[in-house]
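J.: below are the sequence and a predicted model for it; my questions follow.
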Amino acid sequence: MIAPIRPGPLPASMQLTEDGRLRHFLTIEGLPATLLNEILERANSFLSITAQPVKKVPLLRGKTIFNLFFEPSTRTRTTFELAAKRLSADVMNMNINVSATKKGESLLDTLRNLEAMHSDMFVVRHEQSGAAQLIAQHVAPHISVINAGDGRHAHPTQAMLDVFTIRQHKGDLTALRIAIVGDILHSRVARSQIHALNTLNTGEVRVIAPKTLLPANVRNLGVHVFHSLTDGLKDVDVVIMLRLQKERMTGALLPSEHEYYRLYGLTPERLEYAHPDAIVMHPGPVNRGVEIASEVADGPQSVILEQVSNGIAVRMALMSMCLGIPSGVAA
Amino acid sequence: MKLSIQNGRVIDPANKRDEICSLHVADGKILAVGAAPDDFTAERTIDASGCLVMPGIIELSARLGEPGFEHKADIQSEAQAAVSGGITTLCCPPDTQPVIDTPGEIEFIEQRQDEVGLVKIRVMGALTKGLKGDQLAEMATLKEAGCVGVTNLYRPVASANVLRRAMEYAASLDLTVFIYPQNHELADQGCVHEGSVSTRLGLPGIPESAETAAIGFYLPLIEQTGVRAHFCRLSTAKGMKMIRRAAYDELPVTADVAIHQLLLTEIDVADFNPLCHTRPPLRSQRDKEGLQQALTNGGISAICADHTPHELDAKLSPFQSTEPGISGLETLLPLTLKLVAHGQLSLCQAVALLTAQPATVLGLETGRLEPGRPADIAIVDTDAEWRCDIDAFLSRGKNTPFNRWLMQGRVTHTLVDGRVVYRRSNGE
């Protein structure tokens, strides 16, 4: 018997099994540092696979993974698909038009149908905050859910691959100053990055943006707030630029693309305020000349493309962990 | 039917009465409080020893599902829920389908009230036709048909000019305008309080200024038009202060608050609890405390349930897509008594906020226990402890964040016009 479906608050520990292993990966908030480290270590072991001539391991053979994308995305979906395929899982991509689900079939109905196809994992991208949690709360007990981005709430796999990339270049996080620049208000990536960095005891996390692009009481997330790019970049070891959506330019949030770039665009001159060895990151896709100059995006300090390839290893790690593959068998 | 309620603690704030005595009812009206007249012989007596005898509760806003939302609730189910919670009068807002903007809808609801025959239902009319905000509703006709006030709820009015004229027109009819203070542009797509929780959860927030800016906009119009205005469902401490100051300056304004705003905050929304999705949103701890203080300093005239029953599916979506509202008829009284137990207000004040004061807001003759008034009475075992259980709810709306909460105080009898419409069976 299925327990009656009832709306309600989410149990605090829903991401973990009773013995503390990862069951769903929905948000970084609340996960222990040891678990984040385990994810990073496993991702590291998968990294070598992607360099081999045969880029495949049979860890998830026979498992079925559904990519449920309620919001269009090419890049994230592709990396999830690639990660699943390298683990030998069967992958189905479902691009679900949100307006179609509104017309009658509810989100949970869609889910029931896919469950009936004996899937083992849902990778979910949705335009609304909390959608991945809602799904995880109501899926059958044998199914794992990975959040591939929900509204403005969380994008935890992106944050893990960012932390992974930072660790590759900078090692220990406790001595680092890290600045996140741009549209924090609408960014699920920024929220997840902040939780990940703080859980791993990063020396200092800064956000740099005009007030119109910062959410209320953002300090409570554990960040230092700067409105001036050059002040905020002073002595930082990592600069994370966020993508600024074009539609934000026309509203009341910003006067113009030109003024935004003048104040917050990362140019080679501005980057000089940061530590000389600082790395520059961006979750992509990059708006050249809007938030970042091409000289910086393609420059020696940029690690943007490494982020993309690391993304596959990190997602392989998360998929295998959620599906109960023990450590040590990875590579 | 002649009836005596004996030895209860009779609290009647309108007459400043709080004493253990008996109360006698004849022909649907209160005959006497204290000693019975010499020629009175009760056909039935109710022993209220150890219980509170209070006027029946007057709920300022109860959505009843009819007409148009029968998949959520119906008047039969909600009337049963109401009387089990000691409520004897429900005021129905006009956002039914069709909207209550002609006498026809009022007649329909009155007819359903008579068919069900448990609880009194009064109706709030639309301020503008179809609540669309551009053309005045036929307010005089609505008033003749029995509406207790007019409101545009949270629907926007086309312009400040339309609003001014609507308020002037209502003023000339001596109709109270019920205002839901929210600046729609500032509230935008928000669904929770703009603060730490909206930031954490990445949900679009409704800033405090959405309420205070709206109040600041309405107050001069109230002053100029001279209309009697009641502010519904205040959620911010600052907004409350503005209204209290206006009342002090002798503007004809009153205000109410929903019981959940006095017990819950934005923190309860985490993580994505759709049962705490309300409009206005649950606010900060500071707002909650400010509203609690306003219960005793005269800022708030009434506590209400803001009863909004929903079907299960209305709450089974990502948070922002869920429908706001709480099914509250059965928890209004015990939750208010919880505030009394916490020392936030006296029992007498609590009773006034649920009965006499909302009656005054709606211009009703009920809400007080004096000879000649309708015998709308609730008898409450204030010592009874029980656990809220949605499976035992009589309302069809099971959407409450208070499920499994320990409740204090339980209604044993409810009388409407001297008739026992609810009696709690023993052993339950």
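T.: Nice, thanks for sending it over. Residues are numbered from 1 along each chain as shown, chains lettered A, B, ... in the order given.

J.: buried ones in stretch A:308-322?
T.: Neighbour counts over stretch A:308-322 (16 or more other C-beta atoms under 10 Å in any protein chain shown) mark A:308, A:310-322 as buried. C-beta here means a position set from N, CA and C on the backbone, and glycine is covered the same way.

J.: can you check stretch B:108-120 too?
T.: Within stretch B:108-120, the residues scored as buried using 16+ other C-beta under 10 Å are B:108-110, B:112-113, B:116, B:118-120.

J.: so what's the residue nearest to residue B:205 when sequence neighbours are not counted up against?
T.: Using C-beta to C-beta, 6 or more residues apart in numbering or on different chains and skipping the chain neighbours, the partner closest in space to residue B:205 is residue B:194 (2.7 Å). Contacts for residue B:194 (C-beta atoms under 8 Å, 6 or more residues apart in numbering or on different chains) come out as A:216, B:205-208.

J.: name the nearest of those relative to residue B:279.
T.: Nearest to residue B:279 among the contacts of residue B:194 is residue B:206, at 8.5 Å by C-beta to C-beta.

J.: any chance you could map the strands in the stretch 101-250 of chain A?
T.: In the stretch 101-250 of chain A, the strands defined using DSSP state E, counting those that start in this stretch lie at A:121-126, A:144-150, A:177-181, A:204-208, A:224-226, A:238-241.

J.: pipe those into CSV and attach mean neighbour count, mean pLDDT and distance to residue A:164 per row.
T.: Shown next, in CSV, are the strands of the stretch 101-250 of chain A (neighbours: other C-beta atoms under 10 Å in any protein chain shown; pLDDT from 0 to 100; distance: least, C-beta to C-beta, whole Å):
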stretch, mean neighbour count, mean pLDDT, distance to residue A:164
strand A:121-126, 26, 96, 18
strand A:144-150, 27, 97, 16
strand A:177-181, 26, 98, 14
strand A:204-208, 23, 98, 17
strand A:224-226, 15, 98, 24
strand A:238-241, 27, 98, 13
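
J.: get me the contact residues on the stretch 301-428 of chain B for chain A.
T.: With C-beta under 8 Å from any C-beta of the partner chain as the criterion, the stretch 301-428 of chain B comes near chain A at residues B:312-313, B:315-322, B:398-399, B:403.

J.: apply 7 Å and report the result again.
T.: For the stretch 301-428 of chain B, the residues in contact with chain A (C-beta under 7 Å from any C-beta of the partner chain) are B:313, B:315-321.

J.: ok, residue 27 - how many residues close by?
T.: Answering for chain A, as no chain was given. 27 (other C-beta atoms under 10 Å in any protein chain shown).

J.: ah, no, chain B please
T.: For residue B:27, the count of nearby residues is 10 (other C-beta under 10 Å).

J.: and it, what pLDDT?
T.: Residue B:27 is assigned 96 on the pLDDT scale.

J.: look up how far residue B:78 lies from the nearest residue to it once chain neighbours are set aside.
T.: Distances taken as C-beta to C-beta, 6+ apart put residue B:418 closest to residue B:27, at 6.9 Å, once the chain neighbours are dropped. Using C-beta to C-beta, to the nearest Å, residue B:418 is found at 22 Å from residue B:78.

J.: picking up where we left off before, relative to chain B, which of the strands of the stretch 101-250 of chain A is closest?
T.: Checking the strands of the stretch 101-250 of chain A against chain B by C-beta to the nearest C-beta gives strand A:121-126 as the closest, at 6.6 Å.

J.: any low-confidence regions in chain B?
T.: Along chain B, the model assigns pLDDT under 70 to residues B:426-428.

J.: again, but for chain A
T.: Low-confidence segments of chain A, defined by pLDDT under 70: A:1-5, A:9-12, A:98-105, A:250, A:329-331.

J.: select the longest helix from it.
T.: helix A:304-322 (DSSP state H).

J.: what's the answer for chain B, then?
T.: Longest helix in chain B, counting by DSSP H: helix B:208-225.

J.: show me what that one is packed against.
T.: Contact here means 3 or more C-beta pairs under 7 Å, 6 or more residues apart in numbering or on different chains; DSSP states H and E; on that basis helix B:208-225 packs against helix B:160-172, helix B:184-187, strand B:229-231, helix B:237-248.

J.: relative to the following helix or strand past the longest one, what are the paired strands and their orientations?
T.: Using DSSP states H and E, the helix or strand that follows helix B:160-172 towards the C-terminus is strand B:177-179. Pairing partners of strand B:177-179, with direction, according to DSSP bridges: strand B:150-151 (parallel), strand B:229-231 (parallel).

J.: get me the contact residues on chain A for chain B.
T.: A:5, A:7-10, A:106-108, A:126, A:128-131, A:133-134, A:151-153, A:188, A:191, A:215-218, A:220-221.

J.: what separation do you get for residue B:71 and residue B:310?
T.: Distance from residue B:71 to residue B:310, by C-beta to C-beta: 9 Å.

J.: who has more neighbours, the two?
T.: Neighbours were counted for residue B:71 and for residue B:310 using other C-beta under 10 Å; residue B:310 has more, 26 against 12.

J.: what about residue B:185, neighbour count?
T.: Residues near residue B:185, counting by other C-beta under 10 Å: 10.

J.: ok, now the one 5 residues further on?
T.: Other residues within reach of residue B:190 by the criterion other C-beta under 10 Å amount to 20.

J.: I'd assumed it was in a strand, is it?
T.: No - going by DSSP: H, G, I helix; E, B strand; the rest coil, the assignment for residue B:190 is coil, not a strand.

J.: wouldn't it be in contact with residue B:205 here?
T.: Yes - when contacts are counted by C-beta atoms under 7 Å, residue B:190 is listed as touching residue B:205 (5.1 Å).
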